[in-house]
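Enquirer: 3D model of this:
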Amino acid sequence: MTVSARPRRSALYLPASNARAVEKARGLACDVVILDLEDSVGPDAKAEARAAAVEAVRAGGFGAREVVIRVNGLDTEWGAEDLEAAAAAGPDAVLAPKVGSAEALAAYAAGLKGRARLWAMVETCQAMFALDALGRASREAGCDVWVIGFNDLVKEMRCRPGPERAPLLPALAMSVMAARAHGLVILDGVYNDIPDLEGLERECRQGAELGFDGKTLIHPSHLQTANCAFSPEPAAVAWARTVAQAFDSPENAGKGVLKVEGRMVERLHLAEARRLIAVADAIAAHDT
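Expert: Reported below is the predicted structural model:
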């Protein structure tokens, strides 16, 4: 299965009730703006945040950035109203929190009725033991992006991640594998220590090495680091173009293996080369 080439290197969470932050986001270098109604909004401000998110989406002005509304869970007193209001507003997607089963995913899809794409938070121990089922259900429900929420996962596991996130690595790697098996985009979780840009860079690099498509963020100062880490290396893109050109040459039609600049390249490498080229071209178009 193929994964979308649309840039999602940086997905910035913003409390939907913070009008100043939302306005600023219209000019920030993020690929995705997530208007949050859940964790960053207190119980007394939920209704206000919902109305503000709807108004922000309808007002537009976000340019090429995807606009996503993260709703409260359907098991809360705000979830059903959030989902209905978000779907009616028409964002690019609605992000469902703490999706742990195929049945939960289907409930969000039923509420959306096809009015917006569905994204899902993978952030519980239950979800980690249902990754394959969630992947199949995601395709059926029109969900094409997963978002790791490892703050909740850490809380449930009672683990101590440390700078290398060692206790989380099995879950992170398996989540990426499940996403790839079902043709989904997957975004890494947030980095909590806002001033620690060195630690952020290390975690972004780790996420890219694991195979994530991008990272969710909680502060604008993290955007440049994430955008850099999740953009293809120029040398890798140049090599991908060389491989694609070699296979596209008429004299190589039908060949399964080629020698390109002294290196043996199989046709299976062509698909990855084309994907990398598509990603690089999409980023170039997005950033201009």
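Enquirer: Which stretches in the chain count as strands?
Expert: 10-15, 32-36, 66-70, 93-96, 117-122, 143-148, 185-188, 214-217, 257-260, 263-266 (DSSP state E).
Enquirer: what residues does the third one touch?
Expert: Among residues not part of strand 66-70, those counted as contacts by C-beta atoms under 8 Å, 6 or more residues apart in numbering are 6, 8, 11, 13, 16, 31-38, 53, 56-57, 82, 86, 89, 91-95, 97, 119, 121. Placement of C-beta: from N, CA and C, glycine included.
Enquirer: let's see 6 Å
Expert: Under the criterion C-beta atoms under 6 Å, 6 or more residues apart in numbering, residues 32-36, 38, 53, 57, 86, 91-95 lie in contact with strand 66-70.
Enquirer: I'd like the strands of the chain as a markdown table, with mean neighbour count and distance to Ala278 appended.
Expert: Below are the strands of the chain laid out as a markdown table (neighbours: other C-beta atoms under 10 Å; distance: least, C-beta to C-beta, whole Å):
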| stretch | mean neighbour count | distance to Ala278 |
| --- | --- | --- |
| strand 10-15 | 24 | 19 |
| strand 32-36 | 28 | 18 |
| strand 66-70 | 25 | 17 |
| strand 93-96 | 27 | 20 |
| strand 117-122 | 25 | 20 |
| strand 143-148 | 26 | 16 |
| strand 185-188 | 26 | 13 |
| strand 214-217 | 27 | 15 |
| strand 257-260 | 13 | 19 |
| strand 263-266 | 13 | 18 |
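Enquirer: Format those strands as TSV; extra columns: distance to Ala226.
Expert: Below are the strands of the chain laid out as TSV (distance: least, C-beta to C-beta, whole Å):
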stretch	distance to Ala226
strand 10-15	4
strand 32-36	11
strand 66-70	15
strand 93-96	17
strand 117-122	17
strand 143-148	14
strand 185-188	9
strand 214-217	5
strand 257-260	32
strand 263-266	31
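Enquirer: would you list these in a markdown table and tack on mean pLDDT and distance to Arg275?
Expert: Listed next are the strands of the chain as a markdown table, based on pLDDT from 0 to 100; distance: least, C-beta to C-beta, whole Å:
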| stretch | mean pLDDT | distance to Arg275 |
| --- | --- | --- |
| strand 10-15 | 98 | 20 |
| strand 32-36 | 98 | 20 |
| strand 66-70 | 98 | 19 |
| strand 93-96 | 98 | 22 |
| strand 117-122 | 98 | 21 |
| strand 143-148 | 97 | 16 |
| strand 185-188 | 98 | 12 |
| strand 214-217 | 98 | 15 |
| strand 257-260 | 92 | 17 |
| strand 263-266 | 93 | 15 |
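Enquirer: Which of those sits closest to Ala137?
Expert: With C-beta to C-beta as the measure, strand 143-148 is the member of the strands of the chain nearest Ala137 (7.7 Å).
Enquirer: Given the closest one, what are its sheet partners and their directions?
Expert: strand 117-122 (parallel), strand 185-188 (parallel) (DSSP bridges).
Enquirer: Same list (those) but as TSV, adding distance to Thr225.
Expert: Below are the strands paired with strand 143-148 laid out as TSV (distance: least, C-beta to C-beta, whole Å):
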stretch	distance to Thr225
strand 117-122	22
strand 185-188	12
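Enquirer: right, and the ones you listed - which one's nearest Ala171?
Expert: Ala171 sits nearest to strand 117-122 of all those, at 8.8 Å, using C-beta to C-beta.
Enquirer: thinking again about what came up before, out of the strands of the chain, which is closest to Arg165?
Expert: strand 185-188 (9.8 Å).
Enquirer: quick one: contacts of the closest one?
Expert: Taking C-beta under 6 Å, 6+ apart as the rule, strand 185-188 contacts 3-4, 8, 11, 145-148, 176, 179, 207, 212-216.
Enquirer: out of those residues, who's nearest Ala64?
Expert: Nearest to Ala64 among the contacts of strand 185-188, with distances taken as C-beta to C-beta, is Arg8, at 11.7 Å.
Enquirer: per-residue confidence at the closest one?
Expert: Here the pLDDT value assigned to Arg8 is 97.
Enquirer: Does it touch Thr216 like I think?
Expert: No: applying C-beta atoms under 6 Å as the test, Arg8 and Thr216 come out as separate, 9.6 Å apart.
Enquirer: What pLDDT does the model give Gly254?
Expert: For Gly254, pLDDT reads 85.
Enquirer: for it, phi and psi?
Expert: phi 90, psi -10 (degrees, to the nearest 10).
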